[in-house]
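Peer 1: A structural model of the following input is requested.
(2 chains)
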Amino acid sequence: AQSVTQLDSHVSVSEGTPVLLRCNYSSSYSPSLFWYVQHPNKGLQLLLKYTSAATLVKGINGFEAEFKKSETSFHLTKPSAHMSDAAEYFCVVATSGTYKYIFGTGTRLKVLA
Amino acid sequence: DGGITQSPKYLFRKEGQNVTLSCEQNLNHDAMYWYRQDPGQGLRLIYYSQIVNDFQKGDIAEGYSVSREKKESFPLTVTSAQKNPTAFYLCASSIWDPGQGQPQHFGDGTRLSIL
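Peer 2: Just a heads-up that it's a prediction; the model follows:
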């Protein structure tokens, strides 16, 4: 069975400091992994995706994530936080042949001035 | 520009009333999905559809119904049997087979409240 655990429900960082949002997954087969961002009262926007081509994935707005099979992790990072990064972030896993995208419960990122 | 349009943005339901949420996409995607979002619970799948005239229940289908008469449209009806309908509803679409790295595209949601 597939599952996703986002290890922090809330993360606070100061503007200009690095961001780390943690995600661990469980999947029986080679997974596809995604990170999405959601601003208040909006839909989800794709930040990046992993599909086994490269373990370090670069996304939009300076975000990147590294797939570590041995640790079953797919943590999202950004070198320098911007005020506009304040939002909720979702880690998602999917496995070929299934209909499901499995969502984590989200991490709310707060950026302090 | 291609995308997903959900309407209305805000909706209020009276006791015993059915309400319908609209979802239209012009991305030419085969698969469409409805999710319910409650604070701190992530997204929960209500219904999904792989192709026209076919749809499947998700994890929390009770009290909801859908139709898929056109590729572009996947309306969701919240029936009076859904006793706790207050939530943010998100529609999504994708090329089929999530496991092949096909991401979902989301609409901007409909917020449903009880009067």
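Peer 1: where are the low-confidence patches of the chain?
Peer 2: All of this refers to chain A. A:98 (pLDDT under 70).
Peer 1: ah, no, chain B please
Peer 2: For chain B, the ranges with pLDDT under 70 are B:1, B:98-99.
Peer 1: try 50
Peer 2: By pLDDT under 50, chain B has no low-scoring segment.
Peer 1: write out the residues of it neighbouring chain A.
Peer 2: Residues of chain B that fall close to chain A, judged by Cβ under 8 Å from any Cβ of the partner chain: B:4, B:6, B:31, B:33, B:40-43, B:45, B:48, B:50, B:56, B:88, B:90, B:92, B:97-109, B:111. Bear in mind the C-beta positions are built from the backbone N, C-alpha and C, glycine included.
Peer 1: the same query, at a cut-off of 6 Å, please.
Peer 2: With Cβ under 6 Å from any Cβ of the partner chain as the criterion, chain B meets chain A at residues B:42-43, B:48, B:90, B:98-101, B:103, B:106-109.
Peer 1: name only those of these that count as buried.
Peer 2: B:42-43, B:48, B:90, B:98-99, B:101, B:103, B:106-109 (16 or more other Cβ atoms under 10 Å in any protein chain shown).
Peer 1: which of the residues you listed sit farthest apart?
Peer 2: B:Gly99 and B:Asp108 (26.5 Å; Cβ to Cβ).
Peer 1: just to be sure, A:Ala53 is in a helix?
Peer 2: No: with DSSP: H, G, I helix; E, B strand; the rest coil as the criterion, A:Ala53 is located in coil rather than a helix.
Peer 1: can you count the residues close to the nearest residue to A:Pro18 once chain neighbours are set aside?
Peer 2: Excluding the flanking residues, the one nearest A:Pro18 by Cβ to Cβ, 6 or more residues apart in numbering or on different chains is A:Pro79, at 5.6 Å. Neighbours of A:Pro79 under the rule other Cβ atoms under 10 Å in any protein chain shown: 11.
Peer 1: again, but for B:Gln56
Peer 2: B:Gln56: 12 neighbours (other Cβ under 10 Å).
Peer 1: how about B:Thr5?
Peer 2: Quick note: B:Thr5 (other Cβ under 10 Å) scores 13 neighbours.
Peer 1: let's check: the centremost residue of chain B is which one?
Peer 2: Centroid-nearest residue in chain B: B:Trp34, 2.6 Å away (criterion: Cα atoms, centre = their mean).
Peer 1: who touches that one in this structure?
Peer 2: By Cβ atoms under 6 Å, 6 or more residues apart in numbering or on different chains, the contact list for B:Trp34 reads B:46-47, B:76, B:91.
Peer 1: who wins for neighbours among those?
Peer 2: Counting neighbours by other Cβ under 10 Å, B:Cys91 leads the contacts of B:Trp34 with 28 neighbours.
Peer 1: which residue sits farthest out from the middle of chain B?
Peer 2: Most distant from the centre of chain B: B:Gln100, at 22.3 Å, with distances by Cα atoms, centre = their mean.
Peer 1: picking up where we left off before, could I get the buried ones among the residues of chain B next to chain A as CSV with secondary structure and distance to A:Ser73?
Peer 2: Listed next are these as CSV, based on DSSP: H, G, I helix; E, B strand; the rest coil; distance: Cβ to Cβ, whole Å:
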residue, secondary structure, distance to A:Ser73
B:Gly42, coil, 18
B:Leu43, strand, 21
B:Tyr48, strand, 28
B:Leu90, strand, 26
B:Pro98, helix, 20
B:Gly99, helix, 19
B:Gly101, coil, 18
B:Pro103, coil, 20
B:Phe106, strand, 25
B:Gly107, coil, 30
B:Asp108, coil, 31
B:Gly109, coil, 29
